[in-house]
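>>> give me coordinates for this.
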Amino acid sequence: MSACKKKGKQWPFIISNRSEEEVMMNRGRWGLFWMNFGFSGLMYSTLLIFAQAGSFSPLDILMSALVAPLYMFLFMIALHYNDLVFLQQRVDRNYANVQTALKKRKDLMPNLEKLAKALMKHEADLMEKVTALRTQHMNAMKNSQAIAGFLGQEDQLFGQVKVVCEKYPQLKSNKSIKQLMTIIRNLEDEIELLRSGYLNAINLYNTRVDSFPDMFLARAAGFDKKLRIF
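This next block holds a predicted model:
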């Protein structure tokens, strides 16, 4: 396993031949080791301080015993909080990735308009749909509630384009059209993969927000449930 970074920046990538779960479990084991080391060291240090002060009453022993659980409590709060932050950022990152892929598909609209013009003698309504979707794209991307409906229309349009191209052999043999259809298919696969990652991230985040004991920390720190957009 190795970490990679751009020059002058932090380490944002981990490259490994192990699965994500294996990497996380390994890091978790080391984290527990150092947590137990700190736990034991704190309790020993507290007892040592009382011993050096010459005061070693039952109350001192009780206070020494309470220091470690307090440390563990604060430590666990920090761990759960950081975990919620990570999961929230993971949802936002996956959402941004889907948005980037959708922008790529939006950038294909001018090429689709050219294709639609070539198809107009075969499918007259195709040009109108392409033009309408191109104008709707910017408004839909600004309104999260309208994204799902817009994507459904866009999927139908791309599906119709593929069906029309399959119907007419002279269109399938056109090099530019073949290249465009290949790009569309690859982009659809990419979007579907990114959507799946987004849904997995949002399901995991929402489950943690609703689970004990994270639900109390989430409400206190303002971690709201995420709405599924795509």
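>>> quick check: which element contains N111?
helix 109-119 (DSSP states H and E).
>>> which helices and strands sit right next to the host helix or strand of A51?
Per DSSP H and E: A51 is located in helix 20-52. Where contact means 3 or more CB pairs under 8 Å, 6 or more residues apart in numbering; DSSP states H and E, helix 20-52 is packed against helix 58-107. All C-beta atoms are positioned from the backbone trio N, CA, C, and that covers glycine.
>>> any idea of the mean pLDDT for the helix it packs on?
Mean per-residue pLDDT for helix 58-107: 83.
>>> that one to helix 20-52, inter-axis angle?
Angle, helix 58-107 to helix 20-52, by axes from the mean of the first three to the mean of the last three CA atoms, to 10 degrees: 150 degrees.
>>> output the lowest mean pLDDT helix or strand found in this structure.
The weakest-scoring helix or strand in the chain, judged by mean pLDDT, DSSP states H and E, is strand 2-4 (a mean of 49).
>>> residues of the helix holding A51 that come out buried?
Judged by neighbour count using 16 or more other CB atoms under 10 Å, the buried positions of helix 20-52 are F39, L42, M43, T46, L47, F50.
>>> ditto for stretch 95-108
Quick answer for stretch 95-108 (16+ other CB under 10 Å): Y95, N97, V98, Q99, A101, L102, R105, K106, L108.
>>> so which of the residues you listed comes closest to N26?
N97 (26.1 Å; CB to CB).
>>> I'd guessed that closest one sits against Y198; true?
Yes. Under the criterion of CB atoms under 8 Å, N97 makes contact with Y198 at 7.4 Å.
>>> which two among the buried residues of helix 20-52 are spaced furthest apart?
So, those by CB to CB: farthest apart are F39 and F50, at 17.6 Å.
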